[in-house]
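Colleague: need the 3D shape of this:
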Amino acid sequence: MASHSHRPGSATGARGGSRRRSQPRRRRLPLRLLLPLLVLVALAAMLMLRGYTHSEILADHRVQPPAPTDKVPDKILEGGPVIDARGGRTESLSVPDHRLVLTFDDGPDPVWTPRVLDVLKKHDAHGVFFVTGTMASRYPGLVQRMVDEGHEIGLHTFNHPDLSLQSKRRIDWELSQNQLAITGAAGIRTSLFRPPYSSFSAAMDNKSWPVTEYIGSRGYITVVNNTDSEDWQRPGVDEIIRRATPENGEGAIVLMHDSGGDRSQTVAALDKFLPDLKEKGYEFDNLTEALDAPSAMSQVTGPELWKGKAWVFLVQASEKVTGGLAAGLAIVGTLVIGRFVLMLVLSGVHARRVRRRGFGWGPPVTEPVTVLVPAYNEAKCIENTVRSLMDSDHPIEVLVIDDGSSDGTARIVEAMGLPNVRVIRQLNAGKPAALNRGLANARYDIVVMMDGDTVFEPSTVRELVQPFGDPKVGAVAGNAKVGNKDSLIGAWQHIEYVMGFNLDRRMYDILGCMPTIPGAVGAFRRSALVPIGGMSDDTLAEDTDVTMALHRAGWRVVYAENARAWTEAPETVQQLWSQRYRWSYGTMQAIWKHRRSVIEKGPSGRFGRVGLPFVSLFMIVAPLLAPLIDVFLLYGIVFGPTQKTIMAWLGVLAIQAVCAAFAFRLDRERMTHLISLPLQQVLYRQLMYVVLLQSWITALTGGRLRWQKLRRTGVVEAPGGSVPGQRAQSNDDRRPVA
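Modeller: Model (predicted):
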């Protein structure tokens, strides 16, 4: 996963001679962008399919009120429960005496259908299962078991709507989708149909009869019932048996349910009902067996069979994927809540510890220190940076390492003519090489590192180096703050820095596994850096890499809350994307590089078994799964219980607001910036999700990410006014260097 972090040098010009004309290339979407897009589309499709098969999308739960019956033929109203309207016929059939056809609606159910099948098998009885397409698609194995054990299958629509309220097109869709699910599950077709919300044939009215005629024209026999157990009301086993038993030995079609709720009474009633009525001479057959008619089911082959199997496969995949998403949501919810609790508790512990009266790291650190400022094309910022260091209340020397700048950065510093400021020039070799060059030229053991776009307060260096009074401390993280927070995107990053980074650093300080010394403001013992090889260019996150290496070497890494530095955050989405893409990818590289610490002993093992899992969990895994909250939020608002979904999301937002307010209070920041927190959660976080996903894909596909230089404006200044000598900024100054 290693990738060099060399920053680009100046562009080379075209070679002499005539320019070659070329046809404009069609820009292709990069794989690292295409894959996240495809993943997003696939997940959305799976979620929509899951909603469709769970009757959350396109379902219609309306029920038609009773209507007049004057247009229904008398022989239908007074006839049997089997209605054949095929080919223009209007016939009704009844089951012969001493024959019962047990019918079960709304299944298959993963809990109750197997128990019903077990009881039927135990008593050698057959029945008809009128299955819905949604349930047959989700539990195809149960449909296959019904067929294997000799039962008949009937259609009960796909989504269980009242067909008297539907158009012919919707009716055809319900029938075809229901049939498709049965074909995919058991490889059969059926000509039996039972409309949802049906009752006795005498209940047929002017609204339902036209539907029955249309169903007949499509080749289906409509099956209602003439004995209703009303088991859905759970009236008790004996009452179910009483209602299901016909009088005087008559034949009947008995309505029961194997889905839709607790069917324990139905199962118990069957176990008693079947042997009792068999002793009275009743037979329990399929419908076509009871009517001495050809089977209603036929085998399906060819393209229709594979179409059904493909449908069931997709539904099963959506069930597993969305089930995994739901499990992931539970995991990320636990992680998010756990992280918030840890941050609140441990950051409070850290604040109380370092702010208590008489607290000290050891003897005050008063000796001079070296400040390293690696700079590449920082002409807009470098003067502010260096002048802020000149106001330091701690003795320092400043080394500006010009890493092959092409905009005159080194000349600007040299022209300032400031004491204790040296400029070191080198060919463009990257930030780690520049820092190592500075280390080699530093006069003092304690070395402060900062970025060329950062401004220090007068007390920053002094506060930053005091923890070195403890000889066990090898590095100190300062308090990096966003200087250009007046824009909306700047305010969002300000919230992220205060809440996400600095609150995290307090927590990691207490846990002893600080993952990163920020490049904007950090300090190191040179005697700690040299043995581990200095700053490495193995990753794009050299600050994370070196911090982990120091932990493994046995050094303490702590956080100095009062060592404030003001840095220029990206001002456009594109620049922010580039920066965070590099950060997240570099962090993954660092974790991978130091993975062996998990199995090592001593300080390295302690960091590997505590720090590395924490960093991986909270910086990589949890943010990657966090989009599930937003996915389910959007789905719930559109298709689910909207009010409950919104309340749940507001609850999560409230928790985040509490953490943010606590972090702002610890950092003594104004709360007014938190006004944009809700919008940050809706928009800003989504960008961070995509960046992290892209980093994962780049890592998994073996991609190599180059260092991407951010364009600076030089508008950041320390609180309380401009840095002395700062040049006035105009609109032209805010443009990137050419």
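Colleague: ranges for the strands of the stretch 51-200 of the chain?
Modeller: 82-84, 91-93, 99-105, 127-131, 152-155, 188-190, 192-193 (DSSP state E, counting those that start in this stretch).
Colleague: paired strands for the second one, with orientation please.
Modeller: What it means is strand 91-93. Paired neighbours of strand 91-93 in the sheet (DSSP bridges): strand 82-84 (antiparallel).
Colleague: how far does the strand it pairs with sit from the chain's center?
Modeller: From the chain centre to the centre of strand 82-84 is a distance of 51 Å (Cα atoms, centre = their mean, to the nearest Å).
Colleague: pLDDT of that strand, averaged?
Modeller: Computed over strand 82-84, the mean pLDDT rounds to 96.
Colleague: in the stretch 251-400 of the chain, which spans are strands?
Modeller: 252-257, 283-284, 297-299, 369-375, 396-403.
Colleague: make JSON lines out of the strands of the stretch 51-200 of the chain and add distance to Leu38 and mean neighbour count.
Modeller: Glycine gets a C-beta too; all of them are placed from N, C-alpha and C. Formatted as JSON lines, those follow (distance: least, Cβ to Cβ, whole Å; neighbours: other Cβ atoms under 10 Å):
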{"stretch": "strand 82-84", "distance to Leu38": "49", "mean neighbour count": "23"}
{"stretch": "strand 91-93", "distance to Leu38": "54", "mean neighbour count": "17"}
{"stretch": "strand 99-105", "distance to Leu38": "40", "mean neighbour count": "26"}
{"stretch": "strand 127-131", "distance to Leu38": "34", "mean neighbour count": "28"}
{"stretch": "strand 152-155", "distance to Leu38": "36", "mean neighbour count": "26"}
{"stretch": "strand 188-190", "distance to Leu38": "35", "mean neighbour count": "22"}
{"stretch": "strand 192-193", "distance to Leu38": "40", "mean neighbour count": "24"}
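Colleague: quick one: contacts for Trp232?
Modeller: By Cβ atoms under 8 Å, 6 or more residues apart in numbering, Trp232 lies in contact with 257, 260-261.
Colleague: shaky segments in the protein?
Modeller: Counting by pLDDT under 70, the chain has low-confidence residues at 1-33, 35-36, 624-627, 699-738.
Colleague: longest single helix anywhere in the protein?
Modeller: helix 303-355 (DSSP state H).
Colleague: who are the packing partners of that one?
Modeller: With contacts taken as 3 or more Cβ pairs under 8 Å, 6 or more residues apart in numbering; DSSP states H and E, helix 303-355 sits against helix 31-53, helix 133-138, helix 168-186, helix 503-511, strand 556-567, helix 622-625, helix 627-638, helix 642-666.
Colleague: try it again at 6 Å.
Modeller: When contacts are defined as 3 or more Cβ pairs under 6 Å, 6 or more residues apart in numbering; DSSP states H and E, helix 303-355 packs onto helix 31-53, helix 168-186, helix 503-511, helix 622-625, helix 627-638, helix 642-666.
Colleague: count the neighbours of Glu367 for me.
Modeller: 12 (other Cβ atoms under 10 Å).
Colleague: do you know how far it is from Gly522?
Modeller: Distance, Glu367 to Gly522, using Cβ to Cβ, to the nearest Å: 18 Å.
Colleague: now Asn159
Modeller: 60 Å.
Colleague: and Thr190, by the same measure?
Modeller: 72 Å.
Colleague: likewise Lys272?
Modeller: 78 Å.
Colleague: counting neighbours, go ahead and name the busier of those two.
Modeller: Each of Lys272 and Gly522 has its neighbours counted (other Cβ under 10 Å); Gly522 has more, 25 against 14.
Colleague: ok, what's across the strand from the closest residue to the more buried one other than its chain neighbours?
Modeller: Excluding the flanking residues, the one nearest Gly522 by Cβ to Cβ, 6 or more residues apart in numbering is Met449, at 5.3 Å. Per DSSP bridges, the residues bridged to Met449 are Leu372, Gly522.
Colleague: how much space separates Met449 from Gln179?
Modeller: Counting by Cβ to Cβ, the gap from Met449 to Gln179 is 70 Å.
Colleague: so which of the strands of the stretch 251-400 of the chain is the most packed in?
Modeller: Highest mean neighbour count among the strands of the stretch 251-400 of the chain (mean count of other Cβ atoms under 10 Å): strand 369-375, with a mean of 26.
Colleague: ok, residues contacting it?
Modeller: Strand 369-375 has contacts (Cβ atoms under 6 Å, 6 or more residues apart in numbering) with 382, 389, 396-402, 409, 431, 434-435, 438, 442-444, 446-450, 452, 465.
Colleague: buried ones only from these, please, as a ChimeraX command.
Modeller: Selecting only the buried members of these in ChimeraX, with burial defined as 16 or more other Cβ atoms under 10 Å, works like this:
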select :382,389,396,397,398,399,400,401,402,409,431,434,435,438,442,444,446,447,448,449,450,452,465
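Colleague: cool, thanks, talk later.
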